[in-house]
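1. Fold the following and give me the result.
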Amino acid sequence: MAEFLSLKEAVRRHINDGDTVAMEGFTHLIPFAAGHEIIRQEKRDLTLIRMTPDLVYDQMLGAGCAKKLIFSWGGNPGVGSLHRLRDAVEKGWPHEIDILEHSHAAMACAYEAGAAGLPLAVLRGYVGSDLPKVNDEIKFIECPFTGERLAAVPSIRPDISVIHAQRADRKGNVLIEGIVGVQKEAVLAAKRSIVTVEEIVDDLDTAVNACVLPAWTVTAIVEVPKGAGPSYSFGYYHRDNAFYKAWDGIARDRETFQDWLKKNVFGQGAER
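-> All right, here's what the predicted structure looks like:
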């Protein structure tokens, strides 16, 4: 049953060094505030999973939180590379990391399989792709009914999934509106979950066919207004496009990046 905690306490209690951590949110509802708290608490040796690693993982990688990244696309949307990710992969700064790349389709299927408690996901994919040459977790199997050659990947079963959503009610039910992505599957696939929300309300005021995570699927709920910024939260605030552009310059240089961390993540008033 969902427990209401502060962000500091939720991260302290539920994210451990060495954990496999999925932080999902596509285009909007990206859990930046939670990522910053993980950095502040100096969590280490994490295996980070995300379909589209963008700025939040660039920041966490540059801060030295991760030993491995499992992903299906990595970049600063509409701008270019993730320079802290590139520095870690190409030059081992702040330390070396392992990477495991999948296609979007494979990761979506792997999350669904994890949510269903299955050991693997099967899909039509990777035909003509070079990814199987560099990812030894991509296997091929024969369909027992048709003989068709299909791709198989391990299901994603994180130790903990972290997402951001618009609202939670006082019973612990969570409403996700707008582009949903794989947040629901990520929470259902994980052993534990932290959901940050814009606000806690008496009534979710849901529409027909809304995406609602029932309280029994969630471990901890944290009220964090603007917890997805600089990404956006549908119905609450817009994307800060200027910051995404500015990040390219901030992340290119190690010293500039470290100064940004000190001021904006570790600085006075940065904690939630």
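
2. residue ranges of the helices in the stretch 151-272 of the chain, please?
-> 183-189, 241-252, 254-264 (DSSP state H, counting those that start in this stretch).

3. Out of these, which one sits most buried?
-> helix 183-189 (a mean of 24; mean count of other CB atoms under 10 Å). Where you see a C-beta, it was placed from the backbone N, CA and C, and this is true even at glycine.

4. Now do that one: distance to the chain's middle.
-> 11 Å (CA atoms, centre = their mean, to the nearest Å).

5. and that helix, average pLDDT?
-> Across helix 183-189, pLDDT averages out at 98.

6. Distance check, Arg254 against Arg86.
-> 12 Å (CB to CB, to the nearest Å).

7. Could you do Asp58 as well?
-> Asp58 is 9 Å from Arg86, by CB to CB.

8. give the contact list for the spatially most central residue of the chain.
-> The residue lying closest to the centre of the chain (CA atoms, centre = their mean) is Met23, at 1.8 Å. Counting by CB atoms under 8 Å, 6 or more residues apart in numbering, Met23 makes contact with 30-31, 34-35, 48-50, 56-57, 161-163.

9. Tell me which of these fall in helices.
-> 34-35, 56-57 (DSSP state H).

10. Which pair of these spans the longest distance?
-> Using CB to CB, the two most remote members of the ones in helices among the contacts of Met23 are Ala34 and Tyr57, lying 12.0 Å apart.

11. Who has more neighbours out of the two?
-> Ala34 (27 against 24; other CB atoms under 10 Å).

12. Was I right to think the more buried one contacts Leu7?
-> Yes: under the criterion of CB atoms under 8 Å, Ala34 makes contact with Leu7 at 6.6 Å.

13. where does the residue lying closest to Arg12 once chain neighbours are set aside land on pLDDT?
-> Distance criterion CB to CB, 6 or more residues apart in numbering; nearest residue to Arg12, sequence neighbours excluded, is Gln41 at 6.3 Å. With respect to pLDDT, Gln41 scores 98.

14. what does Gly269 give?
-> So Gly269 comes in at 57 (pLDDT).

15. now do Met1
-> At Met1, pLDDT is 81.

16. Val127 too?
-> At Val127, pLDDT is 85.

17. what do you get for Trp260?
-> Looking at Trp260, the pLDDT reads 98.

18. for it, what are its contacts?
-> Counted by CB under 8 Å, 6+ apart, Trp260 has contacts Ile250.

19. Flag the shaky bits of the stretch 151-272 of the chain, pLDDT-wise.
-> Along the stretch 151-272 of the chain, the parts satisfying pLDDT under 70 run over 268-272.

20. all strands in it, in order from the N-terminus.
-> Under the criterion DSSP state E, counting those that start in this stretch, the stretch 151-272 of the chain contains strands at 160-169, 174-176, 192-201, 211-213, 220-223.

21. got the buried residues for the fourth one?
-> Yep, that's strand 211-213 we're talking about. For strand 211-213, the neighbour count (16 or more other CB atoms under 10 Å) marks 212-213 as buried.

22. List the contacts of stretch 65-82.
-> By CB under 8 Å, 6+ apart, stretch 65-82 touches 27, 38-39, 42-55, 57-58, 60-61, 85, 95, 97-104, 106-107, 156, 241, 244-245, 247-248, 251.

23. Where strands are concerned, which of these count?
-> When DSSP state E is applied, those are split such that 46-50, 98-101 fall in strands.

24. Buried subset of those residues, written for ChimeraX?
-> Selection of buried members from the ones in strands among the contacts of stretch 65-82 for ChimeraX, criterion 16+ other CB under 10 Å:
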select :46,47,48,49,50,100,101
